[in-house]
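**Student:** need a structure here:
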Amino acid sequence: MGSSRAASTKLPPTERLHPRADDLDLCSIGSVVRRLHDEDVVAVQAVRPALRAVAEAATAVANALRAGGRLLYVGAGTSGRLGVLDASECPPTFGSSPTQVQSRIAGGRRAMTQAVEGAEDDAQAGAADVRAFAAGPHDVVCGISASASTPYVRGALAEAHRRGAHTVLVCCNRPRTRADVDTLVLARTGPELVAGSTRLKAGTATKLILNAITTAAFISLGKVYRGRMVDVRPVNAKLRARAARMVAELTNLSLPEATRLLEAAGGEVKVAVAMHFTGLTARAARKRLRDDGLRELAEPRRKRAHARGPT
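**Tutor:** Numbers count the residues shown, from 1 in each chain. Have a look, this model is predicted:
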């Protein structure tokens, strides 16, 4: 027993045995679920010390997107799937172009639904995927690796660094070297209840970090106004109803009036609200939005209302 504990301490933290896991297979399902939930809380807490680095990464992404660059995720296994998930959710949430946030996973598309043996060990494949992206100085390449040592990810980051991209590593163990990493986002989640199963705490912390990076970046680019996703694409009944409701809430119009305004704006919430603020046509309001955000367009109306005083 003593020798196995000593060997465990030499492993990276995410690979070690959890002190509360030895009797896990003897526990009731309810007890297992409670222990897993306790570990989820640990995952959330592990992200807090990394918030400065998360903000640094989000700033780099915002600057890249503003300059016409991209955020490019690379990862393997669970980490790679989380990158694919985050990239796929940006267009419907923020109305972004699918080219702005892209992802590659070791082993290719097949690895999204099944393990591709050995794919994560191929550093050259990581470098090749970055070359396929044609990554350059305007881009951010974000490697995702709970272990911080996945060869596929390290190969991708080395190639991205060579090409002048801003490099980010999201991980749950401290890497042996930071040579190719501009921004290190480290969430120390520690051992998993099921040793080495980083789809648990490490995966939870990683998803929180990726959510924060892209959400903060797109908010800074004007994709959110007063807590609402005003660039949402209303492609189904639920989103069309949400879009009309947002226009009504932001303009104080009735829902039928807001729906008509939204139709005149071609279904674009931000354009509809800008039309209301400025009295312009959809085409002219869209042009104004390229120069000013909704906050700036709303300000003259607030000043006029304040000058009139209560009625």
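**Student:** can we go C-alpha only for contacts and neighbour counts from here?
**Tutor:** Will do.
**Student:** Lowest average confidence across helices and strands of the protein, where is it?
**Tutor:** When the helices and strands of the chain are scored by mean pLDDT, DSSP states H and E, helix 2-9 comes last with a mean of 54.
**Student:** Which SSE is immediately downstream of it?
**Tutor:** The element immediately downstream of helix 2-9 (helix or strand, assigned by DSSP states H and E) is helix 29-47.
**Student:** Name the residues of that following helix that are buried.
**Tutor:** Neighbour counts over helix 29-47 (16 or more other Cα atoms under 10 Å) mark Val32, Arg35, Leu36, Glu39, Asp40, Val42, Ala43, Val44, Ala46, Val47 as buried.
**Student:** do the same with stretch 266-284
**Tutor:** Neighbour counts over stretch 266-284 (16+ other Cα under 10 Å) mark 267-277, 280-282 as buried.
**Student:** If you drop the residues flanking it in sequence, what lies closest to Arg110?
**Tutor:** Closest residue in space to Arg110, ignoring its immediate chain neighbours: Val116 at 7.5 Å, by Cα to Cα, 6 or more residues apart in numbering.
**Student:** can you tell me the helix or strand for the one you found?
**Tutor:** Applying DSSP H and E, one finds Val116 in no helix or strand.
**Student:** who's in contact with it?
**Tutor:** Ala106, Gly107, Arg110 (Cα atoms under 8 Å, 6 or more residues apart in numbering).
**Student:** and it, how far is that from Ala76?
**Tutor:** 10 Å (Cα to Cα, to the nearest Å).
**Student:** Overlap in contacts, these two.
**Tutor:** Counting by Cα under 8 Å, 6+ apart, the residues touching both Val116 and Ala76 are Ala106, Gly107.
**Student:** how near is the residue nearest to Arg240 when sequence neighbours are not counted to Asn63?
**Tutor:** Excluding its sequence neighbours, the residue lying closest to Arg240 (Cα to Cα, 6+ apart) is Pro234, at 4.7 Å. Distance, Pro234 to Asn63, by Cα to Cα: 27 Å.
**Student:** And Asp139, by the same measure?
**Tutor:** Going from Asp139 to Asn63 by Cα to Cα gives 9 Å.
**Student:** Then Ala125?
**Tutor:** 28 Å.
**Student:** what distance separates stretch 199-210 from the centre of its chain?
**Tutor:** Between the centre of stretch 199-210 and the centre of its chain there are 11 Å (Cα atoms, centre = their mean, to the nearest Å).
**Student:** Check stretch 33-42 too.
**Tutor:** Between the centre of stretch 33-42 and the centre of its chain there are 23 Å (Cα atoms, centre = their mean).
**Student:** which residues touch that stretch?
**Tutor:** Under the criterion Cα under 8 Å, 6+ apart, residues Thr189, Leu193, Leu200, Lys201, Thr204 lie in contact with stretch 33-42.
**Student:** picking up where we left off before, between Asp139 and Asn63, tell me which one has more neighbours.
**Tutor:** Using other Cα atoms under 10 Å as the criterion, Asp139 and Asn63 rank with Asp139 on top: 27 against 19.
**Student:** Let me see the contact set for the more buried one.
**Tutor:** Counting by Cα under 8 Å, 6+ apart, Asp139 makes contact with Val61, Ala64, Leu65, Gly69, Arg70, Leu71, Leu72, Ala165, His166.
**Student:** now the last one: how far from Ala76?
**Tutor:** Put plainly, it is His166. For His166, the distance to Ala76 - Cα to Cα - is 20 Å.
**Student:** Name the member of the contacts of Val116 with the most neighbours.
**Tutor:** That'd be Ala106 among these, by other Cα under 10 Å, with 29 neighbours.
**Student:** in a helix, that's where Thr167 is, yeah?
**Tutor:** No: Thr167: not assigned to a helix; according to DSSP: H, G, I helix; E, B strand; the rest coil it is strand.
**Student:** low pLDDT regions in the stretch 151-300 of the chain?
**Tutor:** 300 (pLDDT under 70).
**Student:** the strands in it, which residues?
**Tutor:** 166-171, 183-186 (DSSP state E, counting those that start in this stretch).
**Student:** The residue nearest to Arg240: neighbour count?
**Tutor:** Pro234: 19 neighbours (other Cα under 10 Å).
**Student:** about what we covered before: rank the contacts of Val116 by pLDDT and give me only the lowest.
**Tutor:** The lowest pLDDT within the contacts of Val116 belongs to Arg110, with 90.
**Student:** pretty sure it belongs to a strand, no?
**Tutor:** No: secondary structure of Arg110 (three-state DSSP): helix, not part of a strand.
**Student:** ok, now how distant is the closest residue in space to Pro12 that isn't next to it in sequence from Pro151?
**Tutor:** Of all residues not flanking Pro12 in the chain, Asn173 sits nearest, at 6.7 Å (Cα to Cα, 6+ apart). Distance of Asn173 to Pro151, given as Cα to Cα: 15 Å.
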